[in-house]
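1. give me the fold of what follows.
(one chain, ligands or ions: 4)
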Amino acid sequence: MYVYSAGTGSCVAVENSFEVTISPITATSSNVDVVNYGESTGSIDMTIAGGSAPYTYEWTGPDTFTASTEDLTDLSAGIFDLVITDVNECIFNYSATISQPDAFIIINIKVLLGGPYNSITGLMNDDLRSNGVIPTSSPYSDPLIVNSNVFNSGGISGTGLKADDIVDWIWIELRDPNDNTNIIIGQSALLQRDGDVMSLDGTSVLSISVTPGDYYIGVKHRNHFGVLSLAAVALTHNTATIVDFTNSSFATFGADAEALRASGKKTLWAGNVNGDTIIQYAGAGTLDTSNLLEFILNDSSNFLNLPSWPVNGYDIHDVDMNGTTQFTGAGVLDTQCILQNVLSYPGNFLNLSTWQIVEQLPEN
Ligand SMILES: [Ca+2]
Ligand SMILES: [Ca+2]
Ligand SMILES: [Ca+2]
Ligand SMILES: [Ca+2]
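-> Ligands and ions are numbered 1, 2, ... in the order given. Predicted structure coming up:
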């Protein structure tokens with residue numbers, strides 16, 4: 001309430017009174033978030049009240065974003081700050097947040113497992129799939145689950161290439177570009193016969209929920225040695241970077257981290273059936289062959305404790321992944337597969353059956 005008097009001197013004149021109502025600026029907004037990660041489909045529609053028009057707008061946002069319009073479109077995700085100034089230079093500050101779905105990258109990894117690899121066809125055998133023994137839940141630590149028809153010949157559609165039929169589950173790791181022992185994220189995926197690592201429908205490009213950037217790429221398998229890219233690889237959400245562990249010129253951590261096959265392709269070393277970091281057939285130490293024999297002798301249906309007893313099914317001891325684990329006797333022996341690996345190791349010049357192959361990962 002203001003009171004003024006028009007009088008002068010000691011005379012009291014008529015007093016008038018009036019109210020001045022200062023209407024502050026208020027603002028609200030209607031925001032649209034970004035629909036797909038990494039796109040610029042967000043928008044902010046401001047509604048301004050109060051103050052005295054015309055207003056001026058000073059927007060700032062992520063990546064040095066600026067604008068001077070009331071409303072904004074084609075926005076990427078981030079926090080957008082607005083300073084509204086009216087004609088009387090009254091100021092109002094406003095802030096709006098545009099969000100987006102979680103970050104992800106896509107990647108095209110190729111890797112071959114030495115156990116089921118066939119150098120003549122260039123494909124891995126898929127006996128576990130055709131025997132119907134691959135579990136629908138991952139054997140790794142996620143554990144992810146797939147629809148069982150992913151394991152049909154031809155995949156879910158039934159019309160896929162035989163080269164794309166599923167061999168097994170595989171484990172993918174993205175590691176810190178500043179520390180190759182620091183696993184940022186690990187994820188189960190599916191491995192096709194031709195070595196392509198796919199998402200859980202067996203045919204879609206592998207997508208991993210992580211911020212785009214540089215990562216070391218690791219691949220692990222339950223009875224093969226793991227392998228890690230020597231260099232960090234740039235990964236984005238819109239183009240699948242090819243990371244080809246089958247290519248003999250692709251550099252991996254350590255020495256002879258993979259086996260070089262007659263076809264010229266590289267495959268993961270097969271035969272680590274006891275989960276340690278060494279593949280060993282004979283001699284002193286913790287032998288994979290001893291672990292395999294123990295498994296055979298302890299099989300509940302092997303009443304006579306025959307070392308030649310074959311055990312069918314999905315098991316870590318089945319090195320060549322033909323659906324049967326066998327230590328000795330007639331048939332395809334998993335012990336032979338381990339021995340062949342040991343004898344073929346590049347550093348084993350004397351062809352010692354006691355040679356130890358050591359997994360080439362920086363944490364070992
Ligand atoms: Ca508006
Ligand atoms: Ca393929
Ligand atoms: Ca071992
Ligand atoms: Ca086997």
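2. Ile172 versus the one residue sitting closest to the centre of the chain, what's the distance?
-> Centroid check for the chain by Cα atoms, centre = their mean gives Ile208 as the closest residue, at 3.2 Å. Remark: distance between Ile208 and Ile172 (Cβ to Cβ, to the nearest Å) = 7 Å. To be clear about C-beta, it is placed using only N, CA and C from the backbone, and glycine gets the same treatment.
3. so what's Asn180 up against?
-> 216, 228, 232, 253, 362 (Cβ atoms under 8 Å, 6 or more residues apart in numbering).
4. redo that, cut-off 7 Å
-> By Cβ atoms under 7 Å, 6 or more residues apart in numbering, the contact set of Asn180 is 216, 228, 253, 362.
5. hmm, the last one is touching Thr181, no?
-> Right, the one you point to is Pro362. Yes - counting by Cβ atoms under 7 Å, Pro362 touches Thr181, with 5.1 Å between them.
6. about what we covered before: report the buried members of the contacts of Asn180.
-> In the contacts of Asn180, burial by neighbour count holds for 216, 228, 253, counting by 16 or more other Cβ atoms under 10 Å.
7. okay, the residues you listed in CSV with pLDDT, distance to Gly285 and secondary structure next?
-> Formatted as CSV, the buried ones among the contacts of Asn180 follow (pLDDT from 0 to 100; distance: Cβ to Cβ, whole Å; DSSP: H, G, I helix; E, B strand; the rest coil):
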residue, pLDDT, distance to Gly285, secondary structure
Tyr216, 98, 29, strand
Leu228, 98, 24, strand
Phe253, 98, 23, coil
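8. make CSV out of those residues and add distance to ligand 2.
-> As requested, the buried ones among the contacts of Asn180 are exported to CSV (distance: Cβ to the ion, whole Å):
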residue, distance to ligand 2
Tyr216, 24
Leu228, 23
Phe253, 25
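9. which of the residues you listed lies closest to ligand 4?
-> Closest to ligand 4 out of the buried ones among the contacts of Asn180 is Leu228 (26.9 Å), distances taken as Cβ to the ion.
10. pairing partners for the closest one in the sheet, please.
-> Beta-bridge pairing for Leu228 (DSSP bridges): Gly218.
11. please point out which parts of the host helix or strand of Ile185 sit buried.
-> Following DSSP states H and E, one finds Ile185 within strand 183-192. Buried residues in strand 183-192, counted by 16+ other Cβ under 10 Å: 184, 186-192.
12. distance of the closest residue to Ser308 other than its chain neighbours from ligand 1?
-> Excluding its sequence neighbours, the residue lying closest to Ser308 (Cβ to Cβ, 6 or more residues apart in numbering) is Gly329, at 2.9 Å. According to Cβ to the ion, to the nearest Å, Gly329 stands 81 Å off from ligand 1.
13. how about the residues of the chain by ligand 1?
-> 45-46, 71 (Cβ under 5 Å from the ion).
14. among the residues you listed, name the buried ones.
-> Neighbour-count burial (16+ other Cβ under 10 Å) is assigned, among the residues of the chain next to ligand 1, to Met46.
15. sitting in strands, which of the residues of the chain next to ligand 1 do you find?
-> 45-46 (DSSP state E).
16. for ligand 4, state which of the residues of the chain next to ligand 1 is nearest.
-> For those, the nearest to ligand 4 is Asp45 (64.2 Å; Cβ to the ion).
17. does the closest one touch Ala27 like I think?
-> No - if you go by Cβ under 7 Å, Asp45 and Ala27 don't touch, sitting 11.1 Å apart.
18. what's the one residue in the stretch 1-150 of the chain that gets nearest to ligand 2 in contact with, if anything?
-> Distance from ligand 2 to each residue of the stretch 1-150 of the chain (Cβ to the ion) is smallest for Lys110, at 8.5 Å. If a contact means Cβ under 7 Å, 6+ apart, then Lys110 has 195-196, 244-246 as its contacts.
19. let's see which of those residues end up in strands.
-> Asp244.
20. give the buried subset of the contacts of Lys110 as a PyMOL selection command.
-> Selection of buried members from the contacts of Lys110 for PyMOL, criterion 16+ other Cβ under 10 Å:
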select buried, resi 195+196+245+246
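21. fine by me, thanks again.
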